[in-house]
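K.L.:
turn this into a model:
(2 chains)
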Amino acid sequence: MCHPDDLKKSNATFEELFTRKIDYYECEVRMRHKNGTWVWILDRGKVTTWTEDGKPLLVMGTHQDITDKKKAEDELLKERERLNGILKGTISGTWEWNLKTGETIINERWAEIIGYTIEELAPVSQKTLVDHAHPEDLKESDRLFEEHKIGNTEYYECEIRMRHKDGRWVWVLDRGKIISRTEDGEPLFAMGTHQDITERKEAENKLANSEVKFRELVDNTTDIIYTINTDGEFTFISNAWKRELGHERNEVIGKSFKDFLHPEDIESSYSALREIYYSGETIKDFEYRIKHKDGSWRWHRSSGSFKKDATGKITLFDGLSHDITQQKQDQAEIAKQSSLQRLMIQLASSFINVPIHNVDNAINDALAMVGKHFNVDRSYIFDYHWDENICENTYEWCAEGITPEIDNLKELPLEYLPYWVETHKKGEKMLVSNVSELKDQEGLKEVLEPQSIKSLITLLLFMENKCIGFVGFDSEKNYRTNSKSEEDLLIVFAEMLVNITKRRIADEELVKQKEKAELRAKELKEAQKVARVANWYMNIESDEVIWSEELYNMYGFDASQPPPPYSVQEQIYTEESWEILTNAVSRAAEKGVPYEVELNFIRADKSKGWMWAKGEALRDHSDKIVGLRGIVQDITSRKELELELQESNALNEIAAQRLKVATSSAGLGIFDWDIAENKLIWDERMYELHGLSKEDTTLSFESWSGCVHPDDLNRAIEDVNKALHDNQEFNTFYRVLHPNGDELYIKGYAHVIKDSKGTATKMIGVNMDITESQIHQKSLEFKNKQLIDFSNILAHNLRAPLVNIGMLVDLIEESEDPDETKEYTGQLKSVLDHLNEVFNELMESIQIKQDLDVESTEIDLEERIEKTLKSFRSQINQFDAKINVDLKAAKSIKYPSKYIDSILNNLISNALKYRSPERKPEITIKTKKINRDVILSITDNGLGLDMKLAEKNLFKIRKVFHEHPDAKGFGLFLIQSQVDAMEGEIWVESKVDKGSTFFVKFKNAYI
Amino acid sequence: MKNLPKLFLVEDDAIFAMLMKKSLNKIEYDHELTTFKNGLEILNHIKDNLENKENLPEIILLDLNMPVMAGWQFLEELVQIHDKLPKKPDVYVLSSSIFTDDIEKTKQFEIVTDYLVKPVSKDKLNEILGEFSA
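P.N.:
So this is what the prediction gives:
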């Protein structure tokens, strides 16, 4: 039953048990399952009884199915292999081959090595390799893979030539491994890599060629034959010396061998010579660098022997040397190539799977690795910040004895190195093998030389087609050039740096998202705490209860104690709530009916709170109810608000009743305005006050504003707004014009109700009729004004002539000159005349004030105006005045006829009296109707008034504004009194030397 | 009586102006009394002579009730140009009114020295003129 592969292993284990006398074994074997598949078994056993001769007699053991573990291990291995593949993918092509199906997968690099893209090679199969490989190498490759297949080699490895797209042969190192097999051991899956080794191959071939050349040289005696004496001086050199090293013979003979040797090679050369001397034989060659006349060093390989004279004393060394410089260089190149490959693998493995927090270290390590390999003095990375127009040094490695520059190279403006940046912008690398040979390229030399940089190379870092920076290598000590393969490595290195940066960005994004998610989870937890939500569970059978922490907080219980069992929870609820809860719980426990209740609970400190509780039954698999679970929310504050509201509603009801009684007896109207809905509710009295029919049941704000007198509307609306928005008390009054012409004065008080946000939702108030008191007040005001007018008249207009009379009488009394006395007496008479005039005027105005209730009759304005104009006919003719009359708006009015005559007479008289001497007078008389009022205007083109001077006193008695002999200051005073008496208004608009317009408003005079 | 101050009378009542002149003669005021018929006339005179100090008065006697520009308006205008005056005159309101409102209103003008009720006694006139020369 055991898998043949594992049988050996198993037998060996047993063998050991017998021979090595151990009493415990462990072995993993595959065994055939009944269904035909193989299962992995961990077979463990222990010897329990031994025979007398020490052989195991009875073994007891266990079999454990570890198939799953094995599978996992296989998966892991496969994954690791895949990873390995990816690792090599950064520098090598990879392939995966399903041997069963022939399905083959290659990567971009595989195709690239032979100059194609994957798309160009599609469809890819094993035939793709066969088609491109050299037939000779293919045979060898097949043989080697067969060897691996049968298990003779751990890896398959073969160097094959492949035909490049451009026709040349490319050497590829093809490596691979079968990584999985079918259950019956047949190979299933192989993975491998292709690596371009053309350069290395070519170098090897070159070496082979140079050795051929060497032979030829030897044949052509290009070897130098030389002799050195015991003092180390040349005594003979062959002609070949000059050919090979350029010196004339006399430049060499008599000089020491040491003088031509490279200082580093003197020690090794002399020790080789000593060895030859002591061994007395011509032994192995020794190699050294020797000076060419042109100053360069040539590698030579020498061999030779010491010559003895007749006495056996050593006198000379005969040597033969030849140039091996080419050979040496080729060897160095090969060494470099393989060391490059090693470096690549090292770099790739240091970058793959580096934890994100170690990226900085990995990059620094890599810079050091590459820097050391290339024997440069400094390697570094710069980031370009194109948007800020700067670049900066982010990583740096320095060889020993080289001063770090990183801190001096932060936030460098790009203008600093225009040529440099331009080159990079074009996507080109920057290669300077000798700074001193630089032409003055936009100051690059000036920047590099002071830093004592001799050579440098920089390569671009590209991410998403954007140059994000560059990696560079400086040499301060030596001038150096880089081979193509070295440059290729650096390009790969740059790509690796970009990849790791990409990975870091992706990883950081991941970390950020993770942090965000964590924060959200924390917020949710906080939110639950704030929302005061808790949950609980109850086991019906055991009476056991589990509470979440928040529930302890709600009850104010100690969370370290177990919660009270349900049966004793009675104490934590009010009697009423406990009844509700027990009913709900028993229904849920018995019939599985879920519940939702509000409960009044008692906290540990005896204070009470409200909770909303939701519960439901929990059933086991046999559908039996085994427990209850639910959630609870603390609703104390909401509940308290609700209760408060209910209470206040009840109080409001009583208050409303009381108010009704109070208002009906006081004749108050009550209104209730819902602002959001714009719904206005009036009681009966309100309809009466506003003169609206009770049939109008759907009232709004506009129903009310339509009733308000237009002159008061703006002020009233402003008062409403102030009450709604500015927290001002609503206390206003306005007039209402009833359809029957009555005018009512309404006083309004109101209270504004606001919601929690401070928005006004309702306005509730009362209105009352204050017409009577208003009329009373108006008449009081009027009388008071009259009194003031009288005082003024008495003080100025009556007292002034009296003062004059008094003074004149004094003078007359004192005077002894009869002429003088006569003069004073004449003046006394004119003062008395004046006094008389004033007195009469005063009487006239008093007359107006006495007949306040002068009767209004219907007056034909046209007829009245005509009559007045007739009385001024002689003046009109004399001044050639033009009179326009336009009474379209109102022809007749209701007004006391006596007053109309007085108004017309005075205003027309003024218009003629204060005419301009420069113009013919033109007078326009017009009427206008506003609501039920009529406005009469009389416009002239006369002298006009300086309103600044006239405004205050224009209509006062004895105020004159023109130095006109007829100006007395009485006319306007008189008509003002008459207009006032009828609750009208009089005003003037005027401009000096343009003319004046007098307006008289006849209140409610329209018929 | 050589150094008596220059005196301006603002008065529309010709008879009273004549009577004032007589009163001043009696107390031997030998300057010519300059009379203006209303506020506007004296205001224009003052404005025209802001640079000519010698044409400006030391004392103004001002009636309240006048045509064109009454006393109050003149006082308001005078306040406006008071700072520009090279010589600040003593202003006396000289009115027939014994109405308290007028007296109270006068007190609001700081530039007014006193409120005098017509008629003005000789003693009072002497006091005004003397107070100035002292």
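K.L.:
quick one, what contacts residue A:795?
P.N.:
B:96, B:97, B:98, B:99, B:102 (C-beta atoms under 8 Å, 6 or more residues apart in numbering or on different chains). C-beta here means a position set from N, CA and C on the backbone, and glycine is covered the same way.
K.L.:
which ones among the residues you listed map onto helices?
P.N.:
Counting by DSSP state H, the contacts of residue A:795 place residue B:102 in helices.
K.L.:
filter the contacts of residue A:795 down to the buried ones, ChimeraX style.
P.N.:
In ChimeraX syntax, the buried subset of these is picked out as below (16 or more other C-beta atoms under 10 Å in any protein chain shown):
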select /B:96,97,99,102
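K.L.:
and the contacts of residue A:795, which is closest to residue A:503?
P.N.:
residue B:102 (98.3 Å; C-beta to C-beta).
K.L.:
that closest one and residue B:95 touch, don't they?
P.N.:
Yes - counting by C-beta atoms under 8 Å, residue B:102 touches residue B:95, with 6.3 Å between them.
K.L.:
what is in contact with the two at once?
P.N.:
By C-beta under 8 Å, 6+ apart, residue B:102 and residue B:95 have these common neighbours: B:64, B:115.
K.L.:
pLDDT and distance to chain A added to the contacts of residue A:795, as JSON lines?
P.N.:
Output for the contacts of residue A:795, formatted as JSON lines (pLDDT from 0 to 100; distance: C-beta to the nearest C-beta, whole Å):
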{"residue": "B:96", "pLDDT": "86", "distance to chain A": "4"}
{"residue": "B:97", "pLDDT": "83", "distance to chain A": "4"}
{"residue": "B:98", "pLDDT": "79", "distance to chain A": "6"}
{"residue": "B:99", "pLDDT": "77", "distance to chain A": "4"}
{"residue": "B:102", "pLDDT": "84", "distance to chain A": "7"}
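K.L.:
with distance to residue B:16 as added columns, please give the contacts of residue A:795 in a markdown table.
P.N.:
Shown next, in a markdown table, are the contacts of residue A:795 (distance: C-beta to C-beta, whole Å):
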| residue | distance to residue B:16 |
| --- | --- |
| B:96 | 8 |
| B:97 | 13 |
| B:98 | 16 |
| B:99 | 18 |
| B:102 | 17 |
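K.L.:
what's the neighbour count on residue A:881?
P.N.:
Residue A:881 sits with 20 neighbouring residues when counted by other C-beta atoms under 10 Å in any protein chain shown.
K.L.:
would you confirm that it contacts residue A:919?
P.N.:
No - checked against C-beta under 8 Å, the pair residue A:881 and residue A:919 is beyond contact range at 10.1 Å.
K.L.:
by mean pLDDT, flag the weakest helix or strand of the chain.
P.N.:
By default, I'm working from chain A. helix A:67-89 (a mean of 63; mean pLDDT, DSSP states H and E).
K.L.:
my bad, the chain I had in mind was chain B
P.N.:
Lowest by mean pLDDT, DSSP H and E among the helices and strands of chain B is helix B:122-133, with a mean of 77.
K.L.:
how many other residues sit next to residue A:935?
P.N.:
Residues near residue A:935, counting by other C-beta under 10 Å: 18.
K.L.:
what is it paired to in the beta sheet?
P.N.:
For residue A:935, the beta-bridge partners under DSSP bridges are residue A:928, residue A:1001.
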